[in-house]
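1. Fold the following for me, if possible:
(one chain, ligands or ions: 1)
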Amino acid sequence: MPVDTHVFRVAARIGLSNQAKTPLETEKQLVQNIPEHLLSKAHHWLILHGRYTCVARKPKCETCGITTACKYYQNLSKKEVIS
Ligand code: SF4
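-> A predicted model of the protein is given here:
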């Protein structure tokens, strides 16, 4: 599972990786938690999701289909409820 900038960012935001500091750490965590037969599809999905929806500066959470599974979004929602 090659970890480029999109995969690294999206995996961290969603919570698929846990406080990984390097692409190699992210790769190890993803490989450990994604079934082997789905690794290739997951890789492409993470890249495309990072390129078009979960973009670097301002993720498009309002149009994202996985808000209920996303750690970043859940934390964002908690902050909005508090403030
Ligand atoms: S909800 Fe937002 S932060 Fe989470 S994956 Fe979707 S676009 Fe990214």
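
2. And for E25, the neighbour number?
-> Using other Cβ atoms under 10 Å, E25 has 15 neighbouring residues. To be clear about C-beta, it is placed using only N, CA and C from the backbone, and glycine gets the same treatment.

3. near the ligand at all, the helix or strand of the chain with the lowest mean pLDDT?
-> Lowest mean confidence among the helices and strands of the chain (mean pLDDT, DSSP states H and E): helix 71-82, at a mean of 82. Yes: counting by Cβ under 6 Å from any ligand atom, the ligand is contacted by helix 71-82 at 72-73.

4. residues making contact with stretch 37-44?
-> Stretch 37-44 is contacted from outside by 1-2, 7, 30-31, 34, using Cβ atoms under 8 Å, 6 or more residues apart in numbering.

5. Apply 6 Å and report the result again.
-> Outside stretch 37-44, the residues within contact range by Cβ atoms under 6 Å, 6 or more residues apart in numbering are 1, 34.

6. mean confidence for that stretch?
-> For stretch 37-44, the mean pLDDT works out to 97.

7. Next, see if it gets close to the ligand.
-> No: judged by Cβ under 6 Å from any ligand atom, stretch 37-44 stays clear of the ligand, getting no closer than 13.7 Å.

8. quick one: the one helix or strand A11 maps to to helix 71-82, angle?
-> For A11, the host element (DSSP states H and E) is helix 5-14. Put simply, helix 5-14 runs at 40 degrees to helix 71-82, going by axes from the mean of the first three to the mean of the last three Cα atoms, to 10 degrees.

9. Tell me the residues of the protein that contact the ligand?
-> So the chain meets the ligand at 13-14, 53-54, 59-61, 64, 66-67, 70, 72-73 (Cβ under 6 Å from any ligand atom).
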